[in-house]
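1. okay, sequence plus prediction incoming.
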Amino acid sequence: MASKTDFTADEWELLLKAPGWTSIAVAAASPSGPIGIVKEMFAAGKVMAQAKAGGQNLLVEALMTDLATSEGRQKAHPTEASGKSPSEIRSVAVDQLKRVAALVDAKAGGDAAGFKRWLASLAEKVAEATKEGGFLGIGGTRVDESEKAALADIGKALGVSA
């Protein structure tokens, strides 16, 4: 059973950023405009709120407990994304998720797989949050090709099937 104490402060900060990186990787794949971004971030928040309610992986629960604090939220902000294009942001996010996967594989024991699956599930919910293309919500695709590619990259980075 992995917990915060199994990680150094820097490692824990990387884990705190993981949900943000996951959401950003999908959002950057196919920018949906201001309303779409709000819907995608709301979907991410909903997944995280459900995880906070418990019944999930213990590592996810520990992460959500920390993210409930102002200090945890401050550390979770992915500052490495500032000033980059959407494709650069997606690339940085996927690289960070590779680091997250390697870290939890090395230190989280049996909780690693569940944690990585939870992140992949978060990515799927963000991708499904809004339609891409179409006009004024009419037509379009729930998950477009760019988002499907981002989900595949996230799954590969995390070592889970998308």
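-> Done, it's in.
2. when you work out contacts or count neighbours from here on, use the C-alpha atoms and nothing else.
-> OK.
3. buried sites along the lowest-mean-pLDDT helix or strand in the chain?
-> Taking mean pLDDT, DSSP states H and E as the measure, the helix or strand of the chain with the lowest value is helix 33-52, at a mean of 72. Of all the residues in helix 33-52, those buried under the rule 16 or more other CA atoms under 10 Å are 36-37, 39-41, 43-45, 47-48, 51-52.
4. what mean pLDDT does the helix or strand just after it get?
-> Tracing the chain past helix 33-52, the next element assigned as helix or strand by DSSP states H and E is helix 58-67. Regarding helix 58-67, the rounded mean pLDDT is 89.
5. now do stretch 106-119
-> Mean predicted confidence for stretch 106-119 is 93.
6. residues in contact with that stretch?
-> Stretch 106-119 is touched from outside by 1-3, 6-7, 18-19, 22, 57-60, 101, 104-105, 158-160, with contacts defined as CA atoms under 8 Å, 6 or more residues apart in numbering.
7. among those, which lie within helices?
-> Applying DSSP state H to these, the entries found in helices are 18-19, 22, 58-60, 101, 104-105, 158.
8. can you pick the most crowded of those residues?
-> Neighbours were tallied for each of the ones in helices among the contacts of stretch 106-119 (criterion: other CA atoms under 10 Å), and the maximum of 28 neighbours falls on residue 158.
9. surely residue 41 meets residue 23?
-> Yes - the pair residue 41 and residue 23 passes the contact test of CA atoms under 8 Å, sitting 7.3 Å apart.
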